[in-house]
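*Asks:* Sequence plus predicted model, see below.
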Amino acid sequence: MPESSGADLNNIYKGLVDAFSDTLAWEWDDRFGGVLAAFKVSEKDRVQSIINKQLSQIWESSSIDDAPENIGNAIQNFGGLNPSQLLFTTSQTQEVMLLGLWWPWGNGETISIRFVPYGVNSSDAEKESMQAKLKACFGL
């Protein structure tokens, strides 16, 4: 199957669900069309290690300007990256990527992670289909 196939994203979804099954409580985020969980800063290394196994690339505010156009467009749709925020992505060659939006809270104690399917040239139907699959995999 080509790397952009929905089957690849389904495998990534399942890998994330399995890895986080005992640790994070997920909810649906209507604002961004993805799953959302918050965790304590003390868990950040473990959570980031799990994410790195499924999402192969990481971007930060200092590197995002050098990112390919589709990555730059994706993060701009979510408001850009502040210095403490990270963007995890699946392969940039995929038509639909899974984004991991890592946003520390202002209280210095909590971090949110969102997983959002994103396709630059995806139709609304394709986007809704990938969101529905994500939601189903996470049991939401």
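*Replies:* Yep, that arrived. No experiment lies behind these values; they were computed from the predicted model shown.
*Asks:* what residue is smack in the middle of the protein?
*Replies:* With distances taken as Cα atoms, centre = their mean, residue 100 lies nearest the centre of the chain, 2.1 Å away.
*Asks:* isn't that one right up against residue 85?
*Replies:* No - using Cβ atoms under 8 Å, residue 100 is not in contact with residue 85; the gap is 10.9 Å. The way it works is simple: take the backbone N, C-alpha and C, and place the C-beta from them, glycine included.
*Asks:* Contacts only, for the nearest residue to residue 13 once chain neighbours are set aside.
*Replies:* Of all residues beyond its chain neighbours, the one nearest residue 13 is residue 137 (3.9 Å), with distances taken as Cβ to Cβ, 6 or more residues apart in numbering. Residue 137 makes contact with 10, 13, 14, 17 under the criterion Cβ atoms under 8 Å, 6 or more residues apart in numbering.
*Asks:* Which helix or strand contains residue 45?
*Replies:* helix 44-54 (DSSP states H and E).
*Asks:* which SS class is residue 12?
*Replies:* Under the three-state scheme (DSSP: H, G, I helix; E, B strand; the rest coil), residue 12 adopts helix.
*Asks:* still on that earlier bit, and the residue nearest to the centre of the chain, what is it in contact with?
*Replies:* So residue 100 contacts 51, 55, 86, 87, 88, 89, 113, 114, 115 (Cβ under 8 Å, 6+ apart).
*Asks:* among the residues you listed, who's most crowded?
*Replies:* With neighbours taken as other Cβ atoms under 10 Å, the top of the contacts of residue 100 is residue 115, carrying 27 neighbours.
*Asks:* how far away is that residue from residue 71?
*Replies:* From residue 115 over to residue 71 the distance is 16 Å, taken as Cβ to Cβ, to the nearest Å.
*Asks:* just residue 17 next, same as before
*Replies:* According to Cβ to Cβ, residue 17 and residue 71 sit 24 Å apart.
*Asks:* So which of those two has more stuff around it?
*Replies:* When neighbours are counted by other Cβ under 10 Å, residue 17 and residue 71 differ, and residue 71 comes out ahead with 21 against 17.
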